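1. my questions are about this predicted structure, shown below with the sequence.
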Amino acid sequence: MSHRTTARLPLQAVLFDMDGTLVDTERLWWEAVEQVADGLGHALTGADQPEVLGRPVEYTASWLAGVTESPAEAIAAELHREFADRVRTGIVPRPGASELLDALAREGVPTALVTASPRAVADTVLAALGAERFAVSVTADDTERTKPAPDPYLAACRALGVEPAACVAVEDTQTGVTSAESAGCAVLAVPSLAPIGPAAGRTVLSSLEEVSPALLRAMVAPAELRVLSWNLWFGGTKVDDHRAKQLKVIAETGADVVGLQETYGDAARELAEALGWHHHRAGDNLGVISRHPIVARLGDPDVGFYGGTGVRVELPGGRRVDVWSAHLDCAPYGPYEARFDGLPAAELIAHESGRLARMREILRMIADSTEPATPVVLVGDFNAPSHRDWPEVAWPVTQAAEQAGLRDSYREIHPDPVRDPGHTWSPVHTDHEDGSGRPEPQDRIDFVLHRGLTALDSRTVVSGTPCSWPDVAGNDWPSDHAAVLTVFGVPRGE
């Protein structure tokens, strides 16, 4: 079978705040403000932190002028002097800062300095850290608005020629975090004085000593969701010790969500309980199991043997994805009619009317239940080939799904059906069951379709080398279908 290494969104740059993040100047700034404020008759307290930490000189000067009824211009000049004196004599790199900058340089990841301090102060710090370590520096003098506005980070990204979403901003204050997140960057918060709470798209650590280039890369990589479509074949009961073998497959694929067909009653519940997962059962044939919480059940819970059912799963960080499992009627079976009976394309297509009607009903349920911006995955045994695989037959079931905006993840990753046929029917049926000795037509009839995600990898799954029917009891693979596993990248945040 064909396999592609999972792709990752590259880390295009790391954008560092200066004060309190790379160098221990936040305390120097606080001490400078404290001294100036004390001279004006105002004693700083913890309640004043939002007006001081992460703020440019002019902002704090204006605030202090209002508190003390003193001229802001004179306060700003005094703050500049006090802070600059402390910076020249007291710069201390934060723990892990130099090591992280060196590691990023070795791996060729560009870095930028993005600070609310004025250029004169930033240049003093750059000289101490090594200005050559930074491709770009943006100070309070370089943009019309500074933090918490997004302008400084947007300016740094423009100068580097990178996308904010592919960058990590490293900050120590809520003001800086707000600036970076407003610009669209992933944020690593390493608080210096005031705490910073966790949030979607944000990582909070206690020290830069905990940070590596690999961690920063993971922050801009899409969150992964591994979805498996699997027809269990009468629940797996044709094979000895089938439940243990099913659990082994799920563990080895690393699946996060499994859309099941032919559950034979309680397979979804039993598998989920054994895994410690969540589950949904619909009728006696369909189910979904998920390592992530199921927050909604979609479709008819009393669906018959054929049909579709869905769940809404909630991923870490709060992102939700709808996952549907479908099983379409097994007869008439198009590949038999094509290979054995020689029916022309028009008749093959006409005979798909029952499956097409059922697919349209499933697509209608999906449309009726999907919330805006919620990604959708539809998996299942369609018992019909794909129009992407048969150039001579426009199979209507997969066409209908495509027209509804659902993409075929396997064909996205493996666009050539000749080189990568992706057959799922059948790893155990090599000869037709009628005893004629005719070879069983092999085809791709199991699918993982999606909308709103990025397919990173897709492959068929079969364990071991299964013996052919009827000698299947000892097989490691407990089904007559190959499963389909797709790894998706899930956008972070809504």
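-> Looks like it came in fine.
2. what are the contacting residues of stretch 392-403?
-> Contact with stretch 392-403 is made by 328, 334, 338, 345, 348-349, 352, 355-356, 359-360, 363, 378, 382, 384-388, 408, 447, 449, as judged by C-beta atoms under 8 Å, 6 or more residues apart in numbering. No exception for glycine: its C-beta is placed from N, CA and C like everyone else's.
3. what about those residues, which are in strands?
-> Using DSSP state E, the members of those that fall in strands are 378, 408, 447, 449.
4. quick one: low-confidence parts of this protein?
-> Applying pLDDT under 70 to the chain flags residues 1-9, 200, 222, 317, 491-494.
5. excluding chain neighbours, give the residue nearest to the spatially most central residue of it in space.
-> Nearest residue to the geometric centre of the chain (C-alpha atoms, centre = their mean): Ala223, 2.1 Å. Sequence neighbours aside, Val490 is the residue nearest to Ala223 in space, at 4.4 Å (criterion: C-beta to C-beta, 6 or more residues apart in numbering).
6. do the same with Tyr59
-> Setting aside the residues directly before and after it, Tyr59 is nearest to Glu51 in space (C-beta to C-beta, 6+ apart), at 7.6 Å.
7. ditto for Ser325
-> The shortest distance from Ser325 to any non-neighbouring residue, by C-beta to C-beta, 6+ apart, is to Gly259 (3.3 Å).
8. for the stretch 51-200 of the chain, what spans make up the strands?
-> 111-114, 136-138, 167-171, 186-189 (DSSP state E, counting those that start in this stretch).
9. what lies in contact with stretch 341-353?
-> The contact list for stretch 341-353, computed with C-beta under 8 Å, 6+ apart, reads 332, 334, 337-338, 384, 392-397.
10. circling back: narrow the contacts of stretch 392-403 to those that are buried.
-> 328, 334, 338, 348-349, 352, 355-356, 359, 363, 378, 382, 384-388, 408, 447, 449 (16 or more other C-beta atoms under 10 Å).
11. taking the residues you listed one by one, which sit in helices?
-> When DSSP state H is applied, those are split such that 334, 338, 348-349, 355-356, 359, 363 fall in helices.
12. as TSV, those with distance to Val33 would be great.
-> Compiled in TSV, those are given as follows (distance: C-beta to C-beta, whole Å):
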residue	distance to Val33
Gly334	76
Ala338	80
Leu348	79
Ile349	76
Arg355	72
Leu356	71
Met359	66
Leu363	61
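13. which one of those sits closest to Ser98?
-> The closest of those to Ser98 turns out to be Leu363 (C-beta to C-beta; 56.3 Å).
14. so who does the closest one touch?
-> By C-beta under 8 Å, 6+ apart, the contact list for Leu363 reads 400-401, 404.
15. now, which of those sits nearest Val484?
-> Ala401 (14.3 Å).
16. give the helix, strand or coil label for the closest one.
-> Secondary structure, DSSP: H, G, I helix; E, B strand; the rest coil: Ala401 is helix.
17. what number of residues lie near it?
-> By the criterion of other C-beta atoms under 10 Å, Ala401 has 24 neighbours.
18. and it, how far from Val448?
-> With distances taken as C-beta to C-beta, to the nearest Å, Ala401 is found 11 Å from Val448.
19. just Val428 next, same as before
-> With C-beta to C-beta as the criterion, Val428 and Val448 are 21 Å apart.
20. more crowded one of the two?
-> In this view Val428 and Val448 are compared by other C-beta under 10 Å, and Val448 has more residues nearby, 26 against 23.
21. burial of the residue lying closest to that one once chain neighbours are set aside, as a residue count?
-> Once flanking residues are discounted, Val448 sits nearest to Thr486: 4.2 Å by C-beta to C-beta, 6+ apart. Counted with other C-beta under 10 Å, residues neighbouring Thr486 total 27.
22. sec struct for the nearest residue to Asp389 once chain neighbours are set aside, please.
-> Leaving aside its sequence neighbours, Asp389 sits nearest to Pro417 (C-beta to C-beta, 6+ apart; 4.4 Å). Going by three-state DSSP, the secondary structure assigned to Pro417 is coil.
23. now the contacts of Leu363 in CSV, with distance to His292?
-> Listed next are the contacts of Leu363 as CSV, based on distance: C-beta to C-beta, whole Å:
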residue, distance to His292
Ala400, 29
Ala401, 24
Ala404, 25
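24. how about the helices in the stretch 51-200 of the chain?
-> Per DSSP state H, counting those that start in this stretch, the stretch 51-200 of the chain carries helices over the ranges 57-68, 72-90, 97-106, 119-129, 151-160, 174-183.
25. picking up where we left off before, which of the contacts of stretch 341-353 are buried?
-> Burial by neighbour count, judged by 16+ other C-beta under 10 Å, picks out 334, 338, 384, 393, 395-397 from those.
26. with distance to Asp457 as added columns, please give these in a markdown table.
-> Shown next, in a markdown table, are the buried ones among the contacts of stretch 341-353 (distance: C-beta to C-beta, whole Å):
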| residue | distance to Asp457 |
| --- | --- |
| Gly334 | 28 |
| Ala338 | 31 |
| Ala384 | 24 |
| Val393 | 28 |
| Trp395 | 25 |
| Pro396 | 28 |
| Val397 | 25 |
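27. find the nearest non-adjacent residue to Leu28, please.
-> Take Leu28 and drop its neighbours on the chain: the residue closest to it by C-beta to C-beta, 6+ apart is Arg86, 4.1 Å away.
28. ok, Glu440 next?
-> Nearest residue to Glu440, sequence neighbours excluded (C-beta to C-beta, 6+ apart): His429, at 4.5 Å.
29. what do you get for Gly41?
-> Counting by C-beta to C-beta, 6+ apart, Thr68 is the residue found nearest to Gly41 once chain neighbours are left out, at 6.2 Å.
30. surely the one you found touches His42?
-> Yes - Thr68 lies in contact with His42 (C-beta atoms under 8 Å); the separation is 5.3 Å.
31. helices or strands next to the helix or strand containing Ala244 in the packing?
-> Following DSSP states H and E, one finds Ala244 within helix 242-253. Here helix 242-253 touches strand 223-231, helix 267-275, strand 483-490, going by 3 or more C-beta pairs under 8 Å, 6 or more residues apart in numbering; DSSP states H and E.
32. name the residues of that helix that are buried.
-> Buried residues in helix 242-253, defined by neighbour count with 16+ other C-beta under 10 Å: 242-243, 245-246, 249-250, 253.
33. Glu314: how many residues sit nearby?
-> Using other C-beta under 10 Å, Glu314 has 16 other residues around it.
34. do the same with Pro439
-> Neighbour tally, Pro439, other C-beta under 10 Å: 11.
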